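Visitor: Mind looking at a prediction? Sequence and model below.
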Amino acid sequence: MSEAKTKPTTQTALEFLAAQTDQQRHADCISLIGWMQKATGCKPVMWGSSIIGFGKYKYRYESGRVGEWPVIGFSPRKTDLVLYIIPGFEKYEDVLKKFGKHKTGKSCLYLKRLADVDKKILKDIIETSVKAMTSKRVE
């Protein structure tokens, strides 16, 4: 069985973000760090080369593969801020209609910038997601 490639590293989130040249993207990332740290009670940890994660939970796929992943996290990709909302978005269908400009994947929320969305709704999504993961948390 293969081992997960994305794991916690020793690089700090602030070291990683120091390379972020876009001032607005940098400011958005600092806001997300604050909101996610408050929701989880955990400091940011770099997972792999580009994911800033908070807390940790264990998962097991039907195939038997097991691993660990952040309870919540995000990555400032080239075109989008990608937020990892592990429980997904089924609960948020109505709320997302008035959320602002975004896209979703199974557990990913794609934003160009925080100014495009309702920050109160985003904070609620972050807090609700973290609470939904409480029983699976190991850190």
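Guide: Received it, and whenever you're ready, just let me know what you need. Numbering: from 1, shown residues only.

Visitor: What residues of stretch 96-108 count as buried?
Guide: For stretch 96-108, a neighbour-count test (16 or more other C-beta atoms under 10 Å) marks Leu96, Phe99, His102, Thr104, Cys108 as buried. Any C-beta I mention is one placed from the backbone N, CA and C, and that applies to glycine too.

Visitor: didn't the last one look like it was pressed against Leu81?
Guide: No - judged on C-beta atoms under 8 Å, Cys108 makes no contact with Leu81 at a distance of 10.3 Å.

Visitor: follow-up on the earlier one: wait, which of the buried residues of stretch 96-108 is closest to Glu15?
Guide: The nearest member of the buried residues of stretch 96-108 to Glu15, counting by C-beta to C-beta, is Cys108 at 24.2 Å.

Visitor: Longest helix in this protein, please.
Guide: Ordering each helix of the chain by length in residues (DSSP state H) puts helix 23-40 first.

Visitor: What is that one packed up against?
Guide: Secondary-structure packing of helix 23-40 (3 or more C-beta pairs under 8 Å, 6 or more residues apart in numbering; DSSP states H and E): helix 13-18, strand 51-54, strand 72-76, strand 81-85, helix 119-132.

Visitor: Next, the residues that contact it from outside, please.
Guide: Residues outside helix 23-40 that contact it (C-beta atoms under 8 Å, 6 or more residues apart in numbering): 13, 17, 20, 43-44, 52, 54-55, 71-74, 76, 81, 83, 113-115, 122-123, 126-127, 129-130.

Visitor: Other residues contacting stretch 56-63?
Guide: Contacts to stretch 56-63, defined as C-beta under 8 Å, 6+ apart, come from residues 1, 66-71, 86, 133, 136-139.

Visitor: In PDB, list the C-alpha atoms belonging to that stretch.
Guide: What follows is stretch 56-63, C-alpha atoms only, in PDB (Å, rounded to 0.1, in the frame of the first residue of the first chain):
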ATOM      1  CA  LYS A  56      -4.900  16.700  12.200                       C
ATOM      2  CA  TYR A  57      -7.300  13.700  11.600                       C
ATOM      3  CA  LYS A  58      -6.900  10.100  10.500                       C
ATOM      4  CA  TYR A  59      -8.700   8.700   7.600                       C
ATOM      5  CA  ARG A  60      -9.100   5.200   6.100                       C
ATOM      6  CA  TYR A  61     -10.300   4.500   2.600                       C
ATOM      7  CA  GLU A  62     -12.300   1.500   1.600                       C
ATOM      8  CA  SER A  63      -9.200   0.200  -0.100                       C
END
